[in-house]
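**Student:** here is the input, now give the coordinates:
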Amino acid sequence: MKKIKRIALFTLFLDTLGLTIIIPVLPDLVGYYHTSYFMISLWLTLYSLFALLSTPILGALSDKFWRKPILGVSVFSSFLSFIILRISWNVWIYLVARIVNGLAGGNISSIQSILSDIAVDQKERTNNFWLFGAIFGIGFIVGPAIGALLLSFGIKRPFIISAILSWINLLLILFWLPETNKFLNTLKKIKINIVHIFKDMFVTKEKKYYLVFFVVNLAILIYQMSFTLFLNQRFGLSGVTSWYVLAWFGIIMAINQWFLLKSFWLKKFSDKMLVSISILWMMACYVGAFLFNHIWPIILFVALSWVFQWIFRPVFQNIILWDNKDIGLINGNMSALMNLANIFWPLFGGYLIDLGMSPFGAVAALLLITYIYSKKYLHRCVA
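**Tutor:** Take a look at the predicted model:
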């Protein structure tokens with residue numbers, strides 16, 4: 001099991017590198033394509049729109065059949081996306097590349113399902129999700145650094161390296177990653193109507209937990225992929241300079257997930273207390289980022305918010321999974337909810353950035369509403 005975990009986490013690392021390498025490029029693409037911050041921020045929205053359609057289906061398919069081929073298809077779509085980005089000569093082809101990736105965007109949910117499969121109990125599953133966050137944080141350290149370095153060789157060079165990493169990742173999955181789904185449900189019916197999928201999602205016993213998960217992600221995803229655009233518009237930071245900020249975020253997140261998990265957070269607090277603490281502290285961080293108009297306080301508050309984001313996500317994800325056997329479906333549903341959040345808020349965030357406004361006040365307000373709702377309705381989760 002440890003070998004499978006190492007391979008799955010390394011697969012996640014390569015996938016995260018491929019994504020984060022291109023983040024420092026985003027501000028430079030505004031000038032390259034002669035377009036607006038709003039149009040560049042559409043890359044995440046279009047990916048999320050099509051991943052919204054695909055991830056619940058891919059998750060259910062991985063429960064019925066296998067995890068490995070679903071993950072392989074998803075990584076191959078990333079490879080194709082980066083190739084299209086490399087040859088794109090206008091903003092519309094750039095956006096088409098994200099659609100291609102979104103059509104099979106099950107990378108993250110498939111890896112999470114694999115980590116769930118190999119866990120012997122809920123405690124190990126929570127620990128695996130925290131390690132997931134740590135690897136994601138390390139990717140945010142290394143990826144933007146590589147992307148910033150590659151920018152000096154041309155604006156399209158990062159896309160080439162991301163494509164190579166995706167191809168290596170695909171080979172790793174095909175030849176070294178074992179299949180982990182030991183409880184195939186071949187008789188399970190797969191729904192492909194997204195309306196029916198979401199209808200089923202919100203009539204289950206987990207509907208209130210799905211709602212909280214959705215709204216929290218609705219709040220925090222407003223800026224994550226457009227934060228470099230915000231720093232560029234408000235403070236004039238270039239794509240190269242902004243990788244220092246993202247690397248700092250990654251260091252903080254990796255330290256928290258890798259070292260503080262067992263020695264502090266899980267030792268001192270229960271899962272339900274961690275949900276409450278993380279929502280409250282995220283809200284406080286965004287209030288601070290909204291009130292200040294200087295770069296370093298904003299960066300400090302946003303960096304601290306990342307710590308509590310990655311406390312909330314693995315703990316709450318484990319609570320939703322609980323003792324459910326449809327691991328792939330639930331992980332796919334949660335990915336779909338994150339993608340649904342991504343459809344709207346990057347549009348709104350990009351629009352606010354074009355207007356020269358800060359998005360953090362709206363984020364704090366949403367988290368306050370979520371905390372009040374959680375206290376009232378999620379009695380077994382929020383202290």
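**Student:** hey, where'd the helices end up in the stretch 101-250 of the chain?
**Tutor:** Listed in chain order, the helices of the stretch 101-250 of the chain (DSSP state H, counting those that start in this stretch) span residues 107-117, 122-151, 157-176, 194-201, 207-220, 227-235, 239-260.
**Student:** rank these by pLDDT, which is bottom?
**Tutor:** Among those, helix 194-201 carries the lowest mean pLDDT, at a mean of 64.
**Student:** of the helices of the stretch 101-250 of the chain, which approaches A362 most closely?
**Tutor:** Nearest of the helices of the stretch 101-250 of the chain to A362, taken as C-beta to C-beta: helix 207-220 at 7.9 Å. The way it works is simple: take the backbone N, C-alpha and C, and place the C-beta from them, glycine included.
**Student:** could you export stretch 212-224 as CSV, CA atoms only?
**Tutor:** Only the C-alpha atoms of stretch 212-224 are listed here, as CSV (Å, rounded to 0.1, in the frame of the first residue of the first chain):
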residue,chain,number,x,y,z
VAL,A,212,-21.4,23.8,2.8
PHE,A,213,-18.6,22.3,0.8
PHE,A,214,-19.8,24.1,-2.3
VAL,A,215,-20.3,27.5,-0.7
VAL,A,216,-16.8,27.5,1.1
ASN,A,217,-15.2,26.7,-2.3
LEU,A,218,-17.4,29.3,-3.9
ALA,A,219,-15.8,31.8,-1.6
ILE,A,220,-12.1,30.7,-1.7
LEU,A,221,-11.9,30.0,-5.4
ILE,A,222,-12.7,33.6,-6.4
TYR,A,223,-9.1,34.5,-6.4
GLN,A,224,-6.9,31.4,-6.4
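**Student:** who's in contact with that stretch?
**Tutor:** The list of residues contacting stretch 212-224 from outside it, by C-beta atoms under 8 Å, 6 or more residues apart in numbering, reads 230, 279, 282, 286, 302, 305, 309, 312, 316-317, 320, 334, 337-338, 340-342, 344-346, 348-349, 359-360, 362-364, 366-367, 369-370, 373-374, 378.
**Student:** just for the stretch 251-383 of the chain, where's the confidence low?
**Tutor:** Filtered on pLDDT under 70, the stretch 251-383 of the chain yields the residue ranges 262, 322-326, 344-347, 349-350, 379-383.
**Student:** re the thing from before, of the contacts of stretch 212-224, buried ones?
**Tutor:** Buried by 16 or more other C-beta atoms under 10 Å: 230, 279, 282, 286, 302, 305, 309, 312, 316-317, 320, 334, 337-338, 340-342, 345-346, 349, 359-360, 362-364, 366-367, 370, 374, 378, out of the contacts of stretch 212-224.
**Student:** okay, and which of those map to helices?
**Tutor:** Taking DSSP state H, the ones among these that sit in helices are 230, 279, 282, 286, 302, 305, 309, 312, 316-317, 320, 334, 337-338, 340-342, 345-346, 349, 360, 362-364, 366-367, 370, 374.
**Student:** so which elements touch the helix or strand where I353 lies?
**Tutor:** Assigned by DSSP states H and E, I353 falls within helix 327-354. Here helix 327-354 touches helix 37-64, helix 107-117, helix 194-201, helix 207-220, helix 227-235, helix 295-321, going by 3 or more C-beta pairs under 8 Å, 6 or more residues apart in numbering; DSSP states H and E.
**Student:** tilt between it and helix 37-64?
**Tutor:** 180 degrees (axes from the mean of the first three to the mean of the last three C-alpha atoms, to 10 degrees).
**Student:** pretty sure S166 contacts F82?
**Tutor:** Yes - contact criterion C-beta atoms under 8 Å: S166 and F82 qualify, at 6.1 Å.
**Student:** which residues do the two both contact?
**Tutor:** Joint contacts of S166 and F82 (C-beta under 8 Å, 6+ apart) are G18.
**Student:** roughly how far apart are the residue lying closest to A219 once chain neighbours are set aside and Y244?
**Tutor:** Leaving aside its chain neighbours, A219 sits nearest to L366 (4.0 Å; criterion: C-beta to C-beta, 6 or more residues apart in numbering). Distance, L366 to Y244, by C-beta to C-beta, to the nearest Å: 29 Å.
**Student:** same deal with I298?
**Tutor:** I298 is 14 Å from Y244, where distance means C-beta to C-beta.
**Student:** name the residue in the two with the higher neighbour count.
**Tutor:** I298 (23 against 15; other C-beta atoms under 10 Å).
**Student:** burial count for the nearest residue to the more buried one once chain neighbours are set aside?
**Tutor:** Spatial nearest neighbour of I298, excluding adjacent residues (C-beta to C-beta, 6+ apart): A289 at 4.9 Å. Residues lying near A289 (other C-beta under 10 Å) number 24.
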